[in-house]
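the following comprises the amino acid sequence and a computationally predicted model.
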Amino acid sequence: MATGEHREEEDLTDTGSHGRKATRRLVLGAALGCTAWYGTMLAGAPAALAATQIVGAGSTFDFPFFSKAFYDYTEKHPDVTVNYQSIGSGGGIQQFTAKTVDFGASDVPMNSAELTRAGGPVLQIPITLGGAGVAYNLPGIEKGMHLTREVIADIYLGKITKWNDPAIAKLNPGMKLPDMAITVVHRSDGSGTTYIFTDFLSSVSPEWKSKVGTNKDVQWPAPSSVGGKGNEGVAGLVKQTPGSIGYVELAYLLQNQMTYAQVQNKAGTYVYPSVDTVAAAAATKPDVSSTNFSIVDTSCAQCYPISGYSWVMLYKAPADPTRGKLVKEIMTWLATDAQPIAKTVDYVPLPENVQKTALSVLGEMQ
Amino acid sequence: MTERAMSAAAAAPSGAHARTLRSAERIGSTIFVGALQGSCWLFLLIVGGLAAELIWGARLSLKTFGIGFLWSSQWNPVTEQFGALPFIYGTVVTSVIALVLAAIVGIMSAIYLAEFAPRRLGAYLGLLIELLAAVPSIVYGLWGLFVLAPLVANWIGPGLQDALGFLPFFQGTIYGVNMLTAALILTLMIVPTITAITRDLIIAIPMRMREAALALGATPWETAYKVILPSVTRGIVGACLLAFGRALGETIATTMVIGNRPVISASLFAPGYTIASVIANEFTEATSDLYLSALIELGLILLIVSLIVIGMGRLMVRLFVR
Amino acid sequence: MSTISLVQRRRLNSKVWIALCGIFAAGVAIVLLLIMGYIVREGVSAISVPFLTRLPRPTGVSGGGVANGIAGTFIIVGIAAVMAFPAGVLVGTYLAVYSHRRVAKSLSFVADVLAGVPSIAIGIYAYALFVEPFRHFSALSASFAFAVLMIPLVIRATEGAIALVPRELREAATALGAPESRVVLKILVIAARPGIVTGLLLSLARVTGETAPLLFTAFGSQYWELNPGQPMAELSLQIFTYAISPYADWHAQAWAGALLLIVAVFILSVLARLSVLFGREGRHGGTA
């Protein structure tokens, strides 16, 4: 019957049986090849399968530091792997709340509403530090333009719209500022960097605070503003658009040779964003906690005013105590011994007192 | 149809063997029709589940903002005031421009590749164009940002403004990232779909159609345009609708080049925003329930927008084709 | 005006239009080459044997690769294809065979609408169905999301290709007494194969390179993982993560990954074309 069927179909359709055979052979070959490959891979799968995998998710800002740190951790403890994925701070909080991950990471600690949703006591520990630089693109003008906090706020409010505005010219007497419209660039995706930046603007400008506010994403008031996705989107827009200004996270700024400004701090000095100036800002607030965490617009000679902490969230009483114990061990290591790693990837290590704070919070974990 | 086929099959052979054959065929047919219908039900279930999931996720926003969500142009995450109008506008404008451009370019390229190009060249170019469909969105986005956006800001934009500056669509400051750039990137992304499908449709047309038309004295172009093309109109419309769906839902590439500004402006040189972009931008960072719900409602609106637009497309086919 | 000049005008007209078509085709090809050239320029220096065979390493540690992402892409897309192809082809066949039915019309409408749903929304859907209830990310949930993305494309391609099979072929088969199931399976589907294969290929191309639905489903991994029930690395997800990082070595890897994706789809396209070519040669042989 099978052969009869076959012949009949050939007679009817006149479609080439040899074409079909070739395809069949191809498909069969491909399928066999794939299966064989998959089998070999499974058989040869290294011991990693046997290791305990701790899963974490959240902040994209933390990812380079975490990836380096956890890589080193697994080299020391081959029986533990930590799979951290950068899905965004908000995503990290959501996944943490949904209990699909062992820990979450966010550039802004969870607020009271979010903590209520978490359905259990949550511990939040500071884990690393960062800042945002103010990058610009003005043909012929090098890095180091002086900008005061008020001028930055006015630019982002749309009150200063030209680069040769007297307010900017006054700060940079030697510079030949062009008669060029300012294009304000911001992050279009919600981000911890935006939170730190708007927190900074709110604390220097009452008008910003009342009209716009502080958040991971806001309604940008300047009529000439455009949004770019991620640091690379903002950096790309600034590079593409003469006359633009934008804020970019510290590691990105340092790695990508961008032109960025010296920002005047509360004490009146003009400072570049750097590992040291951000650390100086952090040092002014020894008693940082998840409810009192802002370190923008601090007052000391070397303080960079647009700085902030990043956080890790853990459940105080994890559902699986053995995994919980492991997570606690990893986080203890991350908050202390792993901190020197941060500097190698342009992140700012936690000051000693903050490391202690982190440890004491971790101590509450059961 | 089924009965006719069955009785035809039944009429041919006779005897006991035929009876078993017949019952085997009947079982086969039943299984076959069952599989077809079953898969349709499964498909409906999947889509229904998707719609239900979106409605469920959007319930908070639906309750809070009601129907006003559709024409409010506020989008303020700080005060939690959300409205969808700028996003709907940006999505529809960029996608429609992209579809019109891509349909023209895609169909004409396909005609060339299938009918007029030297055989080998046609095959190679066809293959190349299919590759365009494989380039990841983010690559289009980066390419658009670094290559296309400056091109639009310095050449295409000013050129259009000189030629057509009296129209409101081409007035004002030319930003590199704007709705026009987004529309052009979308065009590039959907051209391969339209070209590849149209080319396959044309290739599948029997040679004798062409021979007949040519024998009647039609020029090669008339053969292609008046004989070949009309016989595949339905397929092309299908391809275009598919491409349009892709343009409506495209996320990363648009996000990189549209400027992400929730403001409605007539000028194509102004930055805009699309529904898919705002979801991609803000979904991973939104933590308040209402904010998330508003984003999901945007997803629901996108579903409804594509429903309406595709519905209109189909209506037009029914009215104008044949 | 004489007839000759009318004919000449028509011939000229024909040439102009054909040239215009050629220009458009060339334009598309040139833009494609520009984009490809851009990727090749950025990516080719980072492609090496270690890049293909090693696991990812953090920034600052040289010699990392995307072997796990390549494996993950095969597994996730493979499972998605297993889910989407039969379902899509069956639904597409139904729509083409019963095209006069009201149900078919609304179903094909639904398929078009589904094609417009942003991939991130489908990611949310897969997340709600598979990840949230089990509190566990998995490659399977990503495959489901991909399958949902692929199905409308497969449906449309199948429907379009079958609708194009000459009516006489079907009528002749039916008149000869072939039962409907066989007419459809052995005649319509076989005759429509080139179109269906193109559709399958396009649907594969569509999902390789999709990132948004993976964030909340496949999740990603730095480790060697082949169990589809676990979080798994995927190439486009790795590209995305690397592309948004600040480091030059990761950017280079992102471009190399993009290049890899394109090469993979290039191979797919060639395979599909070959199968179509074989099919056609066979047909020519038959009629000759």
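Noted; the coordinates are in hand.

quick check: the residue of the stretch 101-250 of chain A nearest chain B.
Proximity to chain B, evaluated over the stretch 101-250 of chain A using C-beta to the nearest C-beta, is greatest for residue A:190 at 2.7 Å. No exception for glycine: its C-beta is placed from N, CA and C like everyone else's.

quick one: end-to-end distance for stretch A:332-340.
The separation between the terminal residues of stretch A:332-340, taken as C-alpha to C-alpha, to the nearest Å, is 14 Å.

just confirm yes or no for that stretch near chain C.
No: residues of stretch A:332-340 contacting chain C under C-beta under 8 Å from any C-beta of the partner chain: none, with a closest distance of 12.1 Å.

pull the helix or strand with minimum mean pLDDT from the chain.
Going with chain A. helix A:2-13 (a mean of 38; mean pLDDT, DSSP states H and E).

bridge partners for residue A:103, pull those for me.
Listed beta-bridge partners, residue A:103: residue A:56 (assigned using DSSP bridges).

which strands and helices lie in contact with the lengthiest helix in chain B?
Taking residue count as the measure and DSSP state H as the definition, the longest helix of chain B comes out as helix B:15-65. With contacts defined as 3 or more C-beta pairs under 8 Å, 6 or more residues apart in numbering or on different chains; DSSP states H and E, helix B:15-65 has these neighbours: helix B:2-11, helix B:289-320, helix C:67-97, helix C:102-115, helix C:119-126, helix C:139-163, helix C:180-182.

among the ones you listed, which comes closest to residue A:291?
Ranking those by distance to residue A:291, with C-beta to C-beta as the measure, places helix B:289-320 first at 21.1 Å.

helices or strands up against that closest one?
Packing contacts for helix B:289-320, counted by 3+ C-beta pairs under 8 Å, 6+ apart, involve helix B:15-65, strand B:81-82, helix B:85-111, helix B:233-249, helix B:275-282, helix C:102-115, helix C:119-126.

is any part of the next helix-or-strand element following the last one close to chain B?
What that stands for is helix C:119-126. Along the chain past helix C:119-126, the next helix or strand (assigned with DSSP states H and E) turns out to be helix C:132-134. No: when contact is scored as C-beta under 8 Å from any C-beta, no part of helix C:132-134 falls within range of chain B; the minimum is 10.8 Å.

for helix C:132-134, give me every contacting residue.
Around helix C:132-134, the neighbours that count as contacts under C-beta atoms under 8 Å, 6 or more residues apart in numbering or on different chains are A:98, A:100.

buried residues in that helix?
Of the residues in helix C:132-134, those scored as buried under the neighbour-count criterion (16 or more other C-beta atoms under 10 Å in any protein chain shown) are residue C:132.

for that helix, what does the pLDDT average out to?
In this model, helix C:132-134 has an average pLDDT of 89.

repeat for stretch A:210-226
Per-residue pLDDT values across stretch A:210-226 average out to 92.

what's the answer for stretch C:146-156, then?
Stretch C:146-156 carries an average pLDDT of 93.

repeat that for stretch B:129-141.
For stretch B:129-141, mean pLDDT is 75.

briefly note if it comes near chain C.
Yes: interface with chain C: stretch B:129-141 contributes B:129, B:130, B:131, B:132, B:133, B:134, B:135, B:136, B:137, B:138, B:139, B:140 (C-beta under 8 Å from any C-beta).

tell me how far the helix or strand residue B:197 falls within lies from the chain's centre.
Here residue B:197 sits within helix B:179-203, counting by DSSP H and E. Distance of helix B:179-203 from the chain centroid (C-alpha atoms, centre = their mean, to the nearest Å) equals 9 Å.

going on from it, what's the next piece of helix or strand?
Proceeding C-terminally, helix B:179-203 gives way to helix B:207-215 as the next helix or strand, assigned by DSSP H and E.

got the buried residues for that following helix?
When burial is assessed from 16+ other C-beta under 10 Å, helix B:207-215 yields the following buried residues: B:210, B:213.

from the chain's centroid, how far away is that helix?
Taking the mean C-alpha point of helix B:207-215 and that of its whole chain, the gap between them comes to 33 Å (C-alpha atoms, centre = their mean).

what packs against it?
Helix B:207-215 makes packing contacts with no helix or strand when contacts are defined by 3+ C-beta pairs under 8 Å, 6+ apart.

how about residues contacting that helix?
B:220, B:222, B:223, B:226, B:227, B:228, B:231.

can I get the buried part of these as one ChimeraX selection?
Those of the contacts of helix B:207-215 that meet the burial criterion (16+ other C-beta under 10 Å) are gathered into one ChimeraX selection, given here:
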select /B:220,222,223,227,228
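
ok, the contacts of helix B:207-215 vs chain C, which is closest?
The shortest gap between chain C and any of these belongs to residue B:220, at 5.4 Å (C-beta to the nearest C-beta).

need the pLDDT of the closest one.
91.

ok, it to residue C:207 distance?
Residue B:220 sits 38 Å away from residue C:207, going by C-beta to C-beta, to the nearest Å.

what do you get for residue C:16?
Residue C:16 sits 40 Å away from residue C:207 when distances are taken as C-beta to C-beta.

okay, these two: which has more neighbours?
With neighbours defined as other C-beta atoms under 10 Å in any protein chain shown, residue C:16 and residue C:207 compare such that residue C:207 has more, 26 against 11.
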